[in-house]
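# Below are the sequence and a predicted model for it; my questions follow.
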Amino acid sequence: MLIMIDGQRTGQQLLALCTSSAEGQRHLAQLLNGGFVQQLSATTGAPLSAALPDEDISLAKSYVIRTLHELLGKDALVLAAEIEKTETLDELRRHFGQLHLALGMVPDRRKVEQFLEKVALVLD
């Protein structure tokens, strides 16, 4: 995925080049969340500080769900299922409080804080 990113293609165009849309979304989310690439504004070419548009929250959802599973294991199933059902950014925002509560007992506080900071950027 990384070698296909050229600063000209949109996320949708990149996903269209993948053999599996779900796998492509997962790889793109990993690159974004790992800081290997930045999402750019279509008008200015500058990195976006705002969240994903309501019409496409799939990358945000996949990141949240994947990280919940990493941090909580099987305890993430119920919350992950609720997040999977969300269709808009507002619906995803409603789960932020639940994320805080669910992650309260995770021993690796550094990972939890990094995760919550990234999610907050998307939800603001």
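Nice, I can see it.
# which one is the residue nearest the centre of the chain nearest to, not counting chain neighbours?
The centroid of the chain falls nearest to residue 60 when counting by CA atoms, centre = their mean (2.6 Å). Once flanking residues are discounted, residue 60 sits nearest to residue 122: 4.7 Å by CB to CB, 6 or more residues apart in numbering. The way it works is simple: take the backbone N, C-alpha and C, and place the C-beta from them, glycine included.
# Distance check, the one you found against residue 19.
In this view, residue 122 and residue 19 are 27 Å apart by CB to CB, to the nearest Å.
# Just give me the neighbour total for residue 78.
A count of neighbours around residue 78, defined by other CB atoms under 10 Å, yields 12.
# And stretch 88-97, what's buried?
Of all the residues in stretch 88-97, those buried under the rule 16 or more other CB atoms under 10 Å are 89, 92-93, 95.
# Next, report how far stretch 22-36 is displaced from the centre of its chain.
Distance, stretch centre to chain centre, for stretch 22-36: 8 Å (CA atoms, centre = their mean, to the nearest Å).
# whoops, stretch 68-79 was the one
That offset, for stretch 68-79, works out to 15 Å (CA atoms, centre = their mean).
# now do the same end-to-end measure for it.
Its first and final residues considered, stretch 68-79 spans 8 Å by CA to CA, to the nearest Å.
# List the buried residues of it.
Using 16+ other CB under 10 Å as the burial criterion, the residues of stretch 68-79 that qualify are 68, 71-72, 76, 79.
# which residues sit against the helix or strand where residue 28 lies?
Using DSSP states H and E, residue 28 sits within helix 21-33. For helix 21-33, the external contacting residues (CB atoms under 8 Å, 6 or more residues apart in numbering) are 1-2, 5, 11, 14-15, 17-18, 37-39, 58-59, 62-63, 66, 118.
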